[in-house]
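# Pasting the sequence and the predicted coordinates here, then a few questions.
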Amino acid sequence: MNIKELISEEQIEERVKEMGKEITDYYKEKTDELVAVCVLKGSINFYSDLVKRIDMNVLYNFIQVSSYSGKNTTGRIKVKSWVEESLEGKHVLIVEDVVDTGNTLKYIIKYLERQKPASIEIASAVVKNVYQHGVNVKFPGFDLGDYFILGYGLDYDQKYRNLPYIGYVE
Ligand SMILES: O=P(O)(O)OC[C@H]1O[C@H](OP(=O)(O)OP(=O)(O)O)[C@H](O)[C@@H]1O
Ligand SMILES: Nc1nc2[nH]cnc2c(=O)[nH]1
């Protein structure tokens, strides 16, 4: 497979730093504590980098869902594990690696809303088809066109997640 680099490690690092500041500025008037929900598996690298750049107390939480097989969405969200602690009254930031059709996020938001958090916002390393999915990503990292991307946590059939940059298959 021929993989082309699209966003370098340095560009990611720079943008994640900025996003951490944007998130800190947004929340600092509202709360001194944030629950960051990592959407496994793809968000693991972004999550780990981003939380270090948020200058307030960040509580960790994890949810695992998946719907992609190869390059295509199956349209069915499989839930593999749920968040553990109660989110009632908490400010929640969902941390995603990529928002594409928005199906995964719509599902997760519905699930988290049942727990009555004070607020739910989204940070995503990459946003694709930004006007199509109807999900408001308050903190987008990179806005890309219709590439199928991999690396920096993102997979192609579970492989290539550990590439330090974001690439696409030529
Ligand atoms: O906006 P959507 O079209 O729903 O696509 C986005 C979702 O697809 C990927 O997850 P995937 O199902 O591949 O699971 P993974 O994170 O374990 O790789 C990605 O991590 C997002 O969660
Ligand atoms: N790996 C990967 N997963 C996705 N899920 C939705 N879009 C993408 C993508 O471009 N790459």
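Cool, the structure landed. Ligands and ions are numbered 1, 2, ... in the order given.
# CA atoms for contacts and neighbours, from now on please.
Fine.
# who touches the residue of the chain found nearest ligand 2 in this structure?
Nearest residue of the chain to ligand 2: residue 148, at 3.5 Å (C-alpha to the nearest ligand atom). Going by C-alpha atoms under 8 Å, 6 or more residues apart in numbering, residue 148 touches 71, 168-169.
# Now do it, the pLDDT please.
pLDDT, residue 148: 91.
# any idea how far ligand 1 is from it?
Using C-alpha to the nearest ligand atom, to the nearest Å, residue 148 is found at 11 Å from ligand 1.
# how about the residues of this protein near ligand 1?
By C-alpha under 6 Å from any ligand atom, the residues of the chain that approach ligand 1 are 40-42, 66-68, 97-104, 154-155.
# Next SSE downstream of the longest strand seen in the chain?
Longest strand in the chain, counting residues (DSSP state E): strand 57-69. Counting by DSSP states H and E, the next helix or strand C-terminal to strand 57-69 is strand 72-81.
# pretty sure residue 35 contacts residue 89?
No: using C-alpha atoms under 8 Å, residue 35 is not in contact with residue 89, being 10.6 Å away.
# mind listing the helices for the chain?
9-27, 44-51, 103-113 (DSSP state H).
# low-scoring pLDDT stretches of this structure, where are they?
130-133 (pLDDT under 70).
# Might you enumerate the residues of it proximal to ligand 2?
100, 147-150, 154-156.
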